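Asks: Here is my input, please return the structure:
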Amino acid sequence: MSPVKYMKEVVKEGKRIRWPKRDDLIKTAIVVVVITAFAALILSLEDLAAGSMIQQLRDAFGGK
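Replies: Residues are numbered from 1 along each chain as shown. Coordinates of the predicted model:
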């Protein structure tokens, strides 16, 4: 298949896609942002706790 024919087929398929309505897209984007922020917060807290525990172990065993 030639690159030109391939691109024509891609455009043709792109026109058949049923895109979401603006309201649905905004709601979905908000859900994604909230979940991402929550996951980032949880991971940051876990990282902080792990770092604190490692530092306490270093202090307890005389590490540098």
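Asks: For the protein, which segments count as helices?
Replies: 3-16, 22-60 (DSSP state H).
Asks: okay if I get these as CSV plus mean neighbour count and mean pLDDT?
Replies: For glycine as for every other residue, the C-beta is placed from the backbone atoms N, C-alpha and C. Output for the helices of the chain, formatted as CSV (neighbours: other Cβ atoms under 10 Å; pLDDT from 0 to 100):
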stretch, mean neighbour count, mean pLDDT
helix 3-16, 9, 92
helix 22-60, 10, 97
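Asks: And Val4, how close does it get to Gln55?
Replies: 61 Å (Cβ to Cβ, to the nearest Å).
Asks: Who are the contact partners of Gly62?
Replies: By Cβ atoms under 8 Å, 6 or more residues apart in numbering, the contact list for Gly62 is empty.
Asks: Could you report the separation of it from Ser52?
Replies: For Gly62 relative to Ser52 (Cβ to Cβ), the value is 18 Å.
Asks: now what about stretch 28-43, what contacts it?
Replies: Pro20.
Asks: Keeping just the C-alphas, turn that stretch into CSV.
Replies: The C-alpha coordinates for stretch 28-43 follow below in CSV (Å, rounded to 0.1, in the frame of the first residue of the first chain):
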residue,chain,number,x,y,z
THR,A,28,-14.4,12.9,31.6
ALA,A,29,-11.4,15.3,31.6
ILE,A,30,-12.3,16.5,35.1
VAL,A,31,-12.5,12.9,36.3
VAL,A,32,-9.1,12.1,34.8
VAL,A,33,-7.5,15.2,36.4
VAL,A,34,-9.0,14.4,39.9
ILE,A,35,-7.9,10.8,39.8
THR,A,36,-4.4,11.9,38.6
ALA,A,37,-4.1,14.4,41.4
PHE,A,38,-5.2,11.9,44.0
ALA,A,39,-2.7,9.3,42.7
ALA,A,40,0.1,11.9,42.8
LEU,A,41,-0.8,12.8,46.3
ILE,A,42,-0.8,9.2,47.5
LEU,A,43,2.5,8.4,45.8
